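Asker: take a look and give me a structure for this.
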Amino acid sequence: QVRLVESGGGLVQAGGSLRLSCAASTVAFSKRNMGWFRQAEGKERELVAAINWSDDSTFYVDSVKGRSTISRDNAQNTLYLQMNNLKPEDTAVYYCAASYVTADNYDDRNQYRTFGQGTQVTVSS
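Answerer: Just a heads-up that it's a prediction; the model follows:
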């Protein structure tokens, strides 16, 4: 069983930064692809960043590329998302997600099966 708990969201002005964290309670954290999704009001949930379990390769959706960095600490079972130069359009609930063990295609949103409860990020203009 996988349990994911996000933290680090909040209200920030445009141009500011936030660092989201996700504490994972699971065996084989290091063998799971991990991702950050977001869902803005009235929109579908989208995969914004992901990190591969085997070689730490990363994926970013175009809208956050160059402004965000996903990373993981396997010793602490923790996933991070550093977001810089935040924009009002980044406002959303951000969810941590985990794939099943040793999954392929870490950039495929459909292989993420477990989600946390989400943390709200609000960027004011």
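Asker: residue 123 and residue 92 touch, don't they?
Answerer: No. At 9.3 Å, residue 123 does not count as touching residue 92 under the criterion of Cβ atoms under 8 Å. For the C-beta atoms, the positions are set from N, CA and C on the backbone; glycine is no exception.
Asker: quick one, what contacts the residue most central in space within the chain?
Answerer: Compute the mean C-alpha point of the chain, and by Cα atoms, centre = their mean the closest residue is residue 36, 1.9 Å away. Shown in contact with residue 36 (Cβ atoms under 8 Å, 6 or more residues apart in numbering): 20, 22, 47-50, 70, 79, 81, 94-97.
Asker: can you do 6 Å?
Answerer: The contact partners of residue 36, taken as Cβ atoms under 6 Å, 6 or more residues apart in numbering, are 48, 49, 81, 94.
Asker: go through the protein and flag its longest strand.
Answerer: Looking across the chain with DSSP state E, the single longest strand is strand 92-101.
Asker: partners of it, with directions?
Answerer: Applying DSSP bridges to the sheet, strand 92-101 is found paired with strand 32-39 (antiparallel), strand 112-115 (antiparallel), strand 119-124 (antiparallel).
Asker: and residue 97, bridged to which residues?
Answerer: Counting by DSSP bridges, residue 97 forms beta bridges with residue 35, residue 115.
Asker: let me know whether it touches residue 116 as I believe.
Answerer: No. Applying Cβ atoms under 6 Å as the test, residue 97 and residue 116 come out as separate, 7.5 Å apart.
Asker: end to end, how far does stretch 54-63 reach?
Answerer: Stretch 54-63 has its terminal residues 25 Å apart, counting by Cα to Cα, to the nearest Å.
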